[in-house]
Every structure is written in C-alpha cells, then in structure tokens.
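Chemist: No letters, just coordinates:
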Ligand code: HEM
C-alpha cells in the first residue's frame, strides 16, 4: 500500500485495535471508535498488528461513493472481509485467490451481474408475495411458542434465531431436520471469534483456521451436491431448483461457484435477520414509551423494521480494494489499497441521522446503508423486511407489556454480530 507508508492519515493505534477486536463489537466500544473517527479522521488508515493496513471508511457519503463505483472499487481482488495476513496467505495457497468461496459478494463485473441475474427475480417483492401466507404461518407458530413460555423467555433463543432460519430454509428447499446443521455452519463461518459458537479458539494458528474453514465449505459442498442432483431430476418450486438448474453461457455453473451460491443464500439471510429482529425487541423492551408508541400505531411497524436494521446494523463491514489511484474526501487512495466500509458507523453519521444513537420507529427518512449500496446491495433485503414485518404484526398485538429481564449479551465478531442473549419479560393481552 503506497499511500499507507506516508502515515499522514494514520488512526491512533488504540482505536485501530478496536476495529479488529471482536470483543469491542460485543461491548459497544466500537461505537465510541466510530464516533471519534467520524469527528476526527473520517477516512483514516488503520495498521493493526497481523493485518495489512486498510482505509477505514466511517462516513455515510463515503460508503455510498465507494459502493457505487464498482469498477474503481473491486470486491474480488482482496479478501471481502477483514482477514489476517497469515490467513490470507493460507487461503491464497489453497484457492489461488484471496477468498475461500466465490459467491456474489466475491465477484465483480462481468461475472457478478450475470450470476446475480439468476436469482434476482426470486428476491423481488412481486415473487416474494407468493410466500407471504406461509411466512405468516411460520411467524404465528413462533409467536405461539413464545407466548406459551408464560411471561419470560430468551428472545434470541426462543424466537429470533429459529424464525428467519426456518423461512430461508423453506424457500431454499432444505428439510427442517437439517436446519441445526445449517445454523451451526453459519455461526462458524460468520462468527468464528465468538467463544460460544466457535469450533475454534483464538489460540488456533492461521493454518488451523483455514483447515477449519475448508472443512466447513466441504460440509456445505457435500450437502448441496445431493440437493443439486435431486433438483435436476425432480424440479420443485424452490430456490434450490433455480440454483441447481441455472446456466451461464449455456453451461451449469462450475461446482465451486454453485456451492458458493447456495452458501451465500443459506448463510446471509438468517443471522443478519435474527440480529435485527432481536434489536427491535431489545429497543422496545428497554423503552416503554417506544413500545407504547408502536402498539398504539401498527402503521409504524415498517418504520420499526427499518430502524432496527439501522440501529443494529448486523453486517459491520465489507472490504473493497482500489483498482486505480484515486482521490476521496481529500485523501489519495492508491491502486491496490484495501478499504473497510463501516456500515454501522455510516448508520450513525450525525450529518445524515438526527440523534443517531436514539432508536425511533418513526424516523423519516431512514436512508441507512445496513444493506450496503450499489451493485452488491443486499439481494435479500425485501425478504428480510417482509419476515420482520410479519413477525411484529403477529407478535405485538398479543403483548400488553415488555421489559428486559437480565443482561443482554452480544456476539463477539467483527463481521456479523448482534444479540446472542436477550432475556425479556412480557404480559399477554
Ligand atoms: C449482500 C446485509 C439479509 C442475501 C449483503 C450486503 C450487506 C447485507 C451489507 C453487502 C452489500 C454491499 O456490498 O453493498 C444484510 C442485512 C440483512 C440481510 C443487514 C438482514 C437484516 C439477507 C437475506 C438474504 C440475503 C434475508 C437472502 C437469503 C444476500 C446476498 C448478498 C447480500 C445474496 C450478495 C449480493 C451481491 O453481492 O450482489 N447483505 N442482508 N441477505 N445479501 Fe444480505
């Protein structure tokens, strides 16, 4: 990184350290760092130990500017999520590239638009409408189980974890019996630093971590190979049938691309939606006035959904790399530089959001970047919002009161995180 050698825009080491510290994302210190960076060095360089230096993009406008210039800022050339030098080196030895999988997230044009077009129509509201009645059934059953808990539950364990997982698995066509396996794989892939969900511990070497990641991918690959064979012979009305039979230039996708496709759909959609769903209930449980406001006016539910996605911002970052020398926000960014898009910071940018730390279901407009922006904008955003809206429509009318019943705990992870324990008490109407 040429630019990074100058040191002019360096971020203080203690703040840079929080960006790569999974615990800082669990105890909220990350938001102190983001706040400091937005005010003092909104586009600075972090040089934490064990990582290549990277630009830290904390302003909403810069995140959007980078995300919409997809030729100038690539996804595929360097790791798409924060990765240590040692792990990147291992991955390059295994795959010849910086990433273990090649899903939509790790592609650029010309492949990216072709692969995205294969399922884009599936994820549009017009098609999702077909599933609304079934999603409502799943939501009702989930709510009934929660109400049967008799006034207290762990909302993550009892509602938020299972509900979006079940919806995406039905849409994908994975049998219910296999859902625990999918959940575990996702948690290991997205939150490998959290001691509660990890197969690994911090002590593992880069070699061990890469071996573990390869094992996870091999698990997925073997699992979905069978599904592919089945759906080619017996097509159904599910997303696996679309992926299994999709052709690029007249040929089925190469197997690695196909596994990656199943993986992104199977993993991207539930931990993220779970975290946002839990975020909404957390916000309402700690603020009786906000709860009363939404109860009194169900038209606020879509606003509640958007605000919880902004406030929680489960995907904390994605990385990009510059394909040419360029300038942004008064900084000279060099070809090859790595950039961290801090969505959770953009979503608390004081220049865009009034009183940004406050949770307000009636926030309008709410132009958050929790789903990213530009060509890679989350494919599942309408599905995530539909699931959340339906769950709250089914749940809130039953609740007379809602409050916290103990300490909320967040997952320790710098990629995707959110509540992992949310004890609540509630009274039923
Ligand atoms: C991409 C967030 C739910 C599937 C993304 C990106 C973000 C994100 C930040 C990257 C966008 C970018 O680079 O500009 C979220 C959040 C969710 C959520 C916060 C829930 C609240 C879902 C669901 C699915 C899904 C339910 C469906 C299965 C995808 C896919 C991509 C993606 C396939 C890759 C798109 C591409 O690179 O073209 N998501 N997501 N996501 N998301 Fe989501």
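Modeler: Great, that's in hand. Since this is a predicted model, take the numbers as computed values, not measurements.
Chemist: low pLDDT regions in the stretch 251-400 of the chain?
Modeler: Of all residues in the stretch 251-400 of the chain, none has pLDDT under 70.
Chemist: Quick check: residues of it near the ligand?
Modeler: Within reach of the ligand by C-beta under 6 Å from any ligand atom, the stretch 251-400 of the chain has these residues: 264-265, 268-269, 272-273, 276, 309, 314-315, 318, 343, 370-374, 376-380, 383-384. C-beta coordinates here come from the backbone N, C-alpha and C atoms, glycine included.
Chemist: Of those residues, grab the buried ones for PyMOL.
Modeler: Buried residues within these, by 16 or more other C-beta atoms under 10 Å, are selected in PyMOL with:
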select buried, resi 264+265+268+269+272+273+276+309+314+315+318+343+370+371+372+373+376+378+379+380+383+384
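Chemist: residues contacting the closest residue to the ligand within the stretch 1-150 of the chain?
Modeler: Per C-beta to the nearest ligand atom, residue 104 is where the stretch 1-150 of the chain lies closest to the ligand, at 3.6 Å. If a contact means C-beta atoms under 8 Å, 6 or more residues apart in numbering, then residue 104 has 112, 115-116, 261, 264, 376, 379 as its contacts.
Chemist: which secondary structure element contains the residue lying closest to residue 58 once chain neighbours are set aside?
Modeler: Residue nearest to residue 58 in three dimensions, not counting chain neighbours: residue 345, with 4.0 Å by C-beta to C-beta, 6 or more residues apart in numbering. Element membership for residue 345 (DSSP states H and E) is helix 343-346.
Chemist: I'd like to know which elements that helix is packed against.
Modeler: helix 29-40, helix 60-68, strand 317-322 (3 or more C-beta pairs under 8 Å, 6 or more residues apart in numbering; DSSP states H and E).
Chemist: Would you mind finding the most buried of these?
Modeler: strand 317-322 (a mean of 23; mean count of other C-beta atoms under 10 Å).
Chemist: contacts for whatever helix or strand comes next after that strand?
Modeler: Next helix or strand after strand 317-322 toward the C-terminus (DSSP H and E): strand 326-328. By C-beta under 8 Å, 6+ apart, the residues outside strand 326-328 that reach it are 43, 62, 65-66, 72, 332-333.
Chemist: cool, and stretch 389-401?
Modeler: By C-beta under 8 Å, 6+ apart, stretch 389-401 touches 132, 135-136, 139-140, 142-143, 146-147, 159, 163, 277, 280, 288, 291, 294-295, 298, 301-302, 304-305, 425-429.
Chemist: tell me how far the ends of that stretch are from each other?
Modeler: 19 Å (C-alpha to C-alpha, to the nearest Å).
Chemist: Any idea how far that stretch is from the middle of the chain?
Modeler: With C-alpha atoms, centre = their mean, to the nearest Å as the basis, stretch 389-401 stands 24 Å off its chain's centre.
Chemist: Any buried residues in that stretch, and which?
Modeler: Buried-residue list, stretch 389-401, by 16+ other C-beta under 10 Å: 389-392, 394-396, 399.
Chemist: Ok, stretch 253-265 next?
Modeler: Neighbour-count burial for stretch 253-265, with 16+ other C-beta under 10 Å as criterion, is recorded at 253, 257-265.
Chemist: Repeat that for stretch 38-56.
Modeler: By 16+ other C-beta under 10 Å, the buried positions in stretch 38-56 come out as 38, 41-46, 48, 51-56.
Chemist: Narrow those residues to those in strands?
Modeler: Judged by DSSP state E, the buried residues of stretch 38-56 include 43-46, 54-56 as members of strands.
Chemist: any chance you could map the helices in the stretch 101-250 of the chain?
Modeler: Using DSSP state H, counting those that start in this stretch, the helices assigned to the stretch 101-250 of the chain run over residues 111-120, 125-128, 132-147, 155, 162-172, 179-190, 206-233, 239-245.
Chemist: looking at those helices, which is closest to residue 26?
Modeler: helix 179-190 (14.1 Å; C-beta to C-beta).
Chemist: and the closest one, how far from the chain's centre?
Modeler: 14 Å.
Chemist: contacting residues around that helix?
Modeler: Counting by C-beta under 8 Å, 6+ apart, 161-162, 165-166, 169, 174, 194, 197-199, 212-213, 216, 219-220, 223, 263, 266-267, 270-271, 413, 415-416 sit against helix 179-190.
Chemist: which ones are touching residue 380?
Modeler: 123, 265, 268-269.
Chemist: Including secondary structure and distance to residue 241, could those go into CSV?
Modeler: Supplementary listing: these in CSV, determined by DSSP: H, G, I helix; E, B strand; the rest coil; distance: C-beta to C-beta, whole Å:
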residue, secondary structure, distance to residue 241
123, helix, 15
265, helix, 13
268, helix, 19
269, coil, 18
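Chemist: out of those residues, what pair is the most spread apart?
Modeler: The widest separation within those (C-beta to C-beta) is 11.0 Å, between 123 and 268.
Chemist: Now for those two: what residues contact both?
Modeler: What both residue 123 and residue 268 touch, as defined by C-beta under 8 Å, 6+ apart, is the set 379-380.
Chemist: which bits of the stretch 101-250 of the chain sit near the ligand?
Modeler: Residues of the stretch 101-250 of the chain lying near the ligand (C-beta under 6 Å from any ligand atom): 104-105, 116, 168.
Chemist: 5 Å - rerun?
Modeler: Contacts of the stretch 101-250 of the chain with the ligand, taken as C-beta under 5 Å from any ligand atom, map to 104-105, 116.
Chemist: Mind listing what's buried along stretch 354-366?
Modeler: By 16+ other C-beta under 10 Å, the buried positions in stretch 354-366 come out as 356, 359-361, 363, 366.
Chemist: Show me which of these is closest to the ligand.
Modeler: residue 366 (13.4 Å).
Chemist: phi, psi of that closest one?
Modeler: phi -130, psi 80 (degrees, to the nearest 10).
Chemist: Identify the residue spatially nearest to the residue in the stretch 151-300 of the chain that the ligand sits nearest to, adjacent ones excluded.
Modeler: Relative to the ligand, the nearest point of the stretch 151-300 of the chain is residue 269 (3.0 Å; C-beta to the nearest ligand atom). Residue nearest to residue 269 in three dimensions, not counting chain neighbours: residue 168, with 4.3 Å by C-beta to C-beta, 6+ apart.
Chemist: how many neighbours does the one you found have?
Modeler: Residue 168: 24 surrounding residues under other C-beta atoms under 10 Å.
Chemist: Could you pull up the residues touching it?
Modeler: Applying C-beta under 8 Å, 6+ apart to residue 168 gives the contacts 265-266, 269-270, 383.
Chemist: any chance of those residues in CSV, plus distance to residue 18?
Modeler: Listed next are the contacts of residue 168 as CSV, based on distance: C-beta to C-beta, whole Å:
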residue, distance to residue 18
265, 32
266, 31
269, 28
270, 27
383, 32
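Chemist: Cheers, nothing more for now.
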